[in-house]
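# I would like to see how this sequence folds:
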Amino acid sequence: MLGFELLSYSPNINYLDTDEECMTEVRENLGTLKRAWEWADKKGLLTFTWHWFSPLGGRSKSFFTKNTDFDASKAVIDGTPENVALISDMDMMAGILRPFCDQEIPILWRPFHEGDGNWFWWGAKGPETVKKLYRMMYERYTDIHKLNNLIWVWNAPVPEYYPGDDTVDIISRDMYPTDHTSCAKLYHELLKITAQPKITLIGETGSVPDIEAVHHKKIGWASYMTWSKEYCLTEKHTDDEYLKKVYASPYAVTKEDLPILY
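Reported below is the predicted structural model:
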């Protein structure tokens, strides 16, 4: 499984009021779709995340609450300027996802990630707003755009924020432990958001999990995604020998082990 970031495809990046850190990240992610198609051609699994630049007003990395005045609680009200901008962005992203659907390529889709936090604009107004945002997207992408290739991944461990079993295929949470562990405590916390049995996965992690401990302790993580830069390009968080051990484990499923899914 390979993770792809769609932030560079946000239609409202403010190129006139920004900084080099933001623009570096935008430039580095401009090839996301090309790389995703290359991975799909190799029959790999794809998971998409969208650091969504504010649909209306903001500077620099305006997916961060501190960089925008965009009010998500107004965006869930039909007909408001915030709502119109939100829907426009949603429909634009649906167009980007459409070709994958047309080719019957499944995508683990993780929108409004870390929605239980206030650092992103979509989580800044609390649980009722983020649940409405998620359900709006689910209903629009499912009923209007017919994107039936999306596997919907909810990404927060707090029960009050959970949008409902009818819109969620997989539950997940992000974590950045400082060592290799089964993350058992975090797993059992995540299970509490719903009584319905769901596939569970680690949406983002720093250190690679202890796959032997995950197996022997019967912790139900189905997958993990190591975050970018120093987390996967250096040995600061996982050294090469440990990584080889994980990939070679009889409890790991790699791309070569997968059946042809599409």
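# please count neighbours and contacts with C-alpha atoms only from this point.
Will do.
# what lies in contact with stretch 152-162?
Outside stretch 152-162, the residues that touch it by Cα atoms under 8 Å, 6 or more residues apart in numbering are 108-116, 126-128, 130-131, 167-174, 189-194, 203.
# SS state for the residue nearest to residue 145 when sequence neighbours are not counted?
In this structure, residue 145 finds its nearest non-sequential neighbour in residue 94, 7.0 Å apart by Cα to Cα, 6 or more residues apart in numbering. The three-state label given to residue 94 by DSSP: H, G, I helix; E, B strand; the rest coil is helix.
# what residue spans form the domains of the protein?
As assigned by automatic domain parsing, the chain contains the domains 1-168, 169-262.
# tell me the buried residues within the contacts of stretch 152-162.
Restricting these to buried positions leaves 108-116, 126-127, 130-131, 167-174, 190-191, 193, 203, with burial counted as 16 or more other Cα atoms under 10 Å.
# and residue 153, what element?
Residue 153 belongs to strand 150-155 when assigned by DSSP states H and E.
# what strands line up against that strand, and which way round?
Strand 150-155 has these partner strands in its sheet, going by DSSP bridges: strand 107-110 (parallel), strand 170-175 (parallel).
# quick one: the shortest one to chain centroid distance?
Which is strand 107-110. Centroid separation for strand 107-110 versus its chain: 7 Å, with Cα atoms, centre = their mean, to the nearest Å.
# just the mean pLDDT for it, thanks.
Averaged over strand 107-110, pLDDT sits at 98.
# contacts for it, please.
With Cα under 8 Å, 6+ apart, strand 107-110 has contacts from 45-50, 149-155.
# what do you get for stretch 75-91?
Contacts for stretch 75-91 (Cα under 8 Å, 6+ apart): 10-11, 55-56, 70-72, 74, 129, 132-133, 136-137.
# would you mark the buried spots in it?
Using 16+ other Cα under 10 Å as the test for burial, stretch 75-91 gives 75, 76, 82, 83, 84, 85, 86, 87, 89, 90, 91.
# adding secondary structure and distance to residue 234, write these out as TSV.
Shown next, in TSV, are those (DSSP: H, G, I helix; E, B strand; the rest coil; distance: Cα to Cα, whole Å):
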residue	secondary structure	distance to residue 234
75	helix	40
76	coil	41
82	helix	41
83	helix	42
84	helix	42
85	helix	39
86	helix	37
87	helix	39
89	helix	35
90	helix	35
91	helix	37
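# just put those residues in TSV and tack on distance to residue 32 and pLDDT.
Formatted as TSV, the buried residues of stretch 75-91 follow (distance: Cα to Cα, whole Å; pLDDT from 0 to 100):
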residue	distance to residue 32	pLDDT
75	28	98
76	29	98
82	27	98
83	27	98
84	27	98
85	24	98
86	22	98
87	23	98
89	18	98
90	18	98
91	19	98
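# which of these sits closest to residue 163?
Comparing those against residue 163 with Cα to Cα places residue 76 closest, at 14.1 Å.
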